[in-house]
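Peer 1: got a structure for you, letters missing:
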């Protein structure tokens, strides 16, 4: 897999029927190792190990419904009361993050109403806090530690 702009995490990888699978600690199962999944697993490890995010407050592939459209958020972080507080969207390292990517995660937020959004392709990471009063996005230079999120949300 490609070198990412993240600390390298030890991943449990197995081969089955000629295909690679990685163990997803949040879903507690092996999933197909795609470039996007590689970014997800490395990023989640970074959040847990370096930013203090509790794994028990995160979930992968969270299904949401908007009208009659069903979608899946890549990762959702929940607060102590299990209310969504952050959506994280991953792309493969070869995917350029553009307005379409931000439109996708903003669409998900119509259902979840979180205060934080992150988009990452493993090389570039964009994080913003949503100012609910002004109804605007405020981009931050660094992905905040979990304890800081709890203060600012």
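Peer 2: Cool, got the structure. Bear in mind the structure is a predicted one, so any value in this text is a computation, not a measurement. Numbers count the residues shown, from 1 in each chain.

Peer 1: now the helices: where do they sit in the protein?
Peer 2: For the chain, applying DSSP state H gives helices covering 35-51, 99-112, 146-152.

Peer 1: so who does residue 106 touch?
Peer 2: residue 117 (Cβ atoms under 8 Å, 6 or more residues apart in numbering). All C-beta atoms are positioned from the backbone trio N, CA, C, and that covers glycine.

Peer 1: do you know which of the helices of the chain lies nearest residue 120?
Peer 2: The closest of the helices of the chain to residue 120 is helix 35-51. By Cβ to Cβ, the value is 5.6 Å.

Peer 1: Tell me the helices and strands packed up against the closest one.
Peer 2: strand 19-24, strand 58-66, strand 69-78, strand 84-90 (3 or more Cβ pairs under 8 Å, 6 or more residues apart in numbering; DSSP states H and E).

Peer 1: before we move on, back to that, and the helices of the chain, which one is worst for confidence?
Peer 2: Lowest mean pLDDT of the helices of the chain: helix 146-152, a mean of 77.

Peer 1: So which bits of stretch 93-113 are buried?
Peer 2: 93, 97, 101-102, 104-105, 108-109, 111-112 (16 or more other Cβ atoms under 10 Å).

Peer 1: before we move on, what about stretch 22-33?
Peer 2: Buried-residue list, stretch 22-33, by 16+ other Cβ under 10 Å: 22, 24-26, 33.

Peer 1: State the distance from the most centrally placed residue in the chain to residue 20.
Peer 2: Residue closest to the average C-alpha location in the chain (Cα atoms, centre = their mean): residue 88, at 2.7 Å. Using Cβ to Cβ, to the nearest Å, residue 88 is found at 22 Å from residue 20.

Peer 1: Done for today, thanks.
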